[in-house]
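K.L.:
Pasting the sequence and the predicted model now:
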Amino acid sequence: MKQGDLTKHQVERLTSAVQHNMDVTDLFDGEFAVEDLDSDSGEAHLVDYNMMSCTCSDYEYRCKNGEYCKHIYRVALEQSDILQTG
């Protein structure tokens, strides 16, 4: 992940990634299933960490120009990439 200035929405997503109880499953070759256990949906979202994309509606409709959803941030946290400079 690249380091830089975060927007207000990015800070909110990163905060959610840290605070929410999430289950992250390493599927294969950079793909992860991420379930927010604090969410009522019970739905797992697929994160492609190589492409930095996610199947959640936040990513699909609101994340653009290098912004990431909470699921991508959570995978980055678990992969210890959140502080890596790019």
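P.N.:
Structure's in. What do you need?

K.L.:
How far does the longest helix seen in the chain sit from its chain's centre?
P.N.:
Ranked by number of residues, the top helix in the chain under DSSP state H is helix 8-19. Distance of helix 8-19 from its chain centroid, counting by CA atoms, centre = their mean, to the nearest Å, is 10 Å.

K.L.:
Report the next helix or strand after that helix in sequence order.
P.N.:
Following helix 8-19 in sequence order, the next helix or strand is strand 22-28 (DSSP states H and E).

K.L.:
Give me the angle between the longest helix of the chain and strand 22-28.
P.N.:
Interaxial angle, helix 8-19 versus strand 22-28 (axes from the mean of the first three to the mean of the last three CA atoms, to 10 degrees): 90 degrees.

K.L.:
how about the helices in this protein?
P.N.:
Applying DSSP H to the chain gives helices spanning 8-19, 57-62, 70-78.

K.L.:
Check which residues of the first one are buried.
P.N.:
Residues 10, 13-14, 16-17 are the ones in helix 8-19 that count as buried (16 or more other CB atoms under 10 Å). Using the backbone N, CA and C atoms, a C-beta is placed for each residue, glycine as well.

K.L.:
average model confidence for stretch 51-64?
P.N.:
The predicted model gives stretch 51-64 an average pLDDT of 88.

K.L.:
Could you give the number of residues near Tyr68?
P.N.:
The tally of other residues near Tyr68 (other CB atoms under 10 Å) stands at 23.

K.L.:
Rounded mean pLDDT for the longest helix of the chain, please.
P.N.:
For helix 8-19, the mean per-residue pLDDT is 88.

K.L.:
between that helix and helix 70-78, how big is the angle?
P.N.:
60 degrees.

K.L.:
tell me which strands and helices helix 8-19 is in contact with?
P.N.:
Helix 8-19 is packed against helix 70-78, with contacts defined by 3 or more CB pairs under 8 Å, 6 or more residues apart in numbering; DSSP states H and E.
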